[in-house]
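Asks: kindly generate the corresponding structure for this input.
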Amino acid sequence: MGQNTATITTNVSVSGMTCGHCVSSVSEELEALDGVENVDVDLNSGGISTVTITSTQKLSASEIGEAVAEAGYLVVANEA
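Replies: This next block holds a predicted model:
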C-alpha cells in the first residue's frame, strides 16, 4: 500500500452562488490549490453555500479566499 496520508477537512461559507455553473467555478479554483483532493459544495441558491474542502495539507484562509474570489464569489466565514 501507499503511504498513509491524513486528510484535513475545511468548511467555508460562500455567498453569491446560485447554480451548478457557480459550483463548478468555485470547485475548479479550489481544486487547483496544492494538496486539495476533493471539493464538495452544498448549494444554497442565493444564500450562503457551504463548501467542504478535503486536502492533504492545511490551507490558509487567505489562499481559500483568493481562490473563491478568483471564481467571482466571496467567503463570508470559515473555520480554518
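
Asks: mind checking which helix or strand of this protein has the lowest mean pLDDT?
Replies: Lowest mean confidence among the helices and strands of the chain (mean pLDDT, DSSP states H and E): strand 74-78, at a mean of 83.

Asks: please, where are all the strands along this protein?
Replies: Taking DSSP state E as the criterion, the chain contains strands spanning 8-15, 36-42, 48-55, 74-78.

Asks: for residue 73, grab phi and psi.
Replies: With angles defined as degrees, to the nearest 10, residue 73 sits at phi -130, psi 180.

Asks: using PDB, write down the CA coordinates of stretch 29-39.
Replies: Provided in PDB are the C-alpha atoms of stretch 29-39 (Å, rounded to 0.1, in the frame of the first residue of the first chain):
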ATOM      1  CA  GLU A  29     -10.400  27.200  -8.500                       C
ATOM      2  CA  LEU A  30     -10.200  25.400  -5.100                       C
ATOM      3  CA  GLU A  31      -9.100  22.100  -6.700                       C
ATOM      4  CA  ALA A  32      -6.100  23.900  -8.300                       C
ATOM      5  CA  LEU A  33      -4.700  24.600  -4.800                       C
ATOM      6  CA  ASP A  34      -1.800  22.400  -3.700                       C
ATOM      7  CA  GLY A  35      -2.900  19.400  -1.700                       C
ATOM      8  CA  VAL A  36      -6.600  19.700  -2.400                       C
ATOM      9  CA  GLU A  37      -8.100  16.300  -3.100                       C
ATOM     10  CA  ASN A  38     -11.900  17.000  -3.100                       C
ATOM     11  CA  VAL A  39     -14.300  19.900  -3.000                       C
END
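
Asks: buried residues, that stretch. List them.
Replies: With burial defined by 16 or more other CB atoms under 10 Å, the residues of stretch 29-39 counted as buried are 29-30, 33, 36, 39. Where you see a C-beta, it was placed from the backbone N, CA and C, and this is true even at glycine.
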